[in-house]
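> just the structure for this:
(2 chains)
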Amino acid sequence: TQLLEQSPQFLSIQEGENLTVYCNSSSVFSSLQWYRQEPGEGPVLLVTVVTGGEVKKLKRLTFQFGDARKDSSLHITAAQPGDTGLYLCAGGDTGGFKTIFGAGTRLFVKA
Amino acid sequence: DAGITQSPRHKVTETGTPVTLRCHQTENHRYMYWYRQDPGHGLRLIHYSYGVKDTDKGEVSDGYSVSRSKTEDFLLTLESATSSQTSVYFCAISAVFDGGGSDTQYFGPGTRLTVL
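All right, here's what the predicted structure looks like:
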């Protein structure tokens, strides 16, 4: 069974700080996605990475897919209160037609 | 925003009663999914559909059944609700289903179900 472990589980920082959250697995994934979820809403896709070593940037967010396609990271530069939310990584299951989600990192950015 | 609605948004029920949750989409997407979200577990797939009357089980399908009689509607039924099924349920849709998980899934707002 493919699993995705996210760390840290919870992160509380001051506005303006940088942070990195991690998504790790012992299994290879065909692709990895990052979603952001706000309270009372469903997750919203931020990015999909499909090539080992790939780096994608979305304004102050930088996403990286590990060379071996077993892990990914999300780096936020100069965090803002609007970045507060639950960040979920998700991977394509190479054994079947489904997406596997990590448990999430809950980020709180204080003004 | 993708046109996905879920009903009801909140429900409290008693153990042993049947419960049906509805997901309705206006995007005409072929693929639809039901997930449950619990603390420490992330999102777990219950059932999914790849067309009208075509459904399959996900990783946590025990105690749940689904039906899809129209493209726009995907129903999730708990035949006899148990306290372990207390959770937040999300419906999702996608236009493609490439088997690699890189398709974009659009999620509904969720249904919070409490089974007493």
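> now do the contacts for residue B:4.
Residue B:4 is in contact with A:42, B:23-27, B:91-93, B:106-109, counting by C-beta atoms under 8 Å, 6 or more residues apart in numbering or on different chains. Where C-beta positions appear, they are placed from N, C-alpha and C, glycine not excepted.
> now pLDDT too, for these, in a markdown table please.
Shown next, in a markdown table, are the contacts of residue B:4 (pLDDT from 0 to 100):
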| residue | pLDDT |
| --- | --- |
| A:42 | 93 |
| B:23 | 98 |
| B:24 | 97 |
| B:25 | 96 |
| B:26 | 95 |
| B:27 | 91 |
| B:91 | 97 |
| B:92 | 94 |
| B:93 | 92 |
| B:106 | 90 |
| B:107 | 94 |
| B:108 | 95 |
| B:109 | 95 |
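> list the pairing partners of the helix or strand that contains residue B:34 within its sheet, with orientation.
Using DSSP states H and E, residue B:34 sits in strand B:31-38. Sheet pairing of strand B:31-38 (DSSP bridges) gives strand B:42-51 (antiparallel), strand B:87-94 (antiparallel).
> looking at those strands, which has the lowest confidence?
Least confidently modelled of those is strand B:42-51, at a mean of 91 by mean pLDDT.
> mind listing what's buried along it?
For strand B:42-51, a neighbour-count test (16 or more other C-beta atoms under 10 Å in any protein chain shown) marks B:42, B:43, B:44, B:45, B:46, B:47, B:48, B:49 as buried.
> ok, stretch A:98-108 next?
Buried, per 16+ other C-beta under 10 Å, within stretch A:98-108: A:98, A:99, A:100, A:101, A:102, A:103, A:104, A:105, A:106, A:107.
> so who does the fifth one touch?
For residue A:102, the set of contacting residues under the criterion of C-beta under 8 Å, 6+ apart consists of A:4, A:5, A:6, A:23, A:88, A:89, A:90, B:42.
> ok, the last one next?
Applying C-beta under 8 Å, 6+ apart to residue A:107 gives the contacts A:11, A:12, A:13, A:19, A:21, A:76, A:79, A:83, A:84, A:85, A:86, A:87.
> the helix or strand hosting the first one pairs with which strands?
Right, residue A:11. Element membership for residue A:11 (DSSP H and E) is strand A:10-14. Strand pairing for strand A:10-14, using DSSP bridges, gives strand A:105-110 (parallel).
> re earlier: tabulate the CA atom coordinates of the strand holding residue B:34 in CSV.
Taking Å, rounded to 0.1, in the frame of the first residue of the first chain, the C-alpha atoms of strand B:31-38 are listed here in CSV:
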residue,chain,number,x,y,z
TYR,B,31,-15.7,11.0,-13.3
MET,B,32,-17.0,11.4,-9.8
TYR,B,33,-15.7,10.4,-6.4
TRP,B,34,-16.7,10.2,-2.7
TYR,B,35,-14.1,10.7,0.0
ARG,B,36,-14.2,10.9,3.7
GLN,B,37,-11.9,13.1,5.7
ASP,B,38,-10.9,12.3,9.3
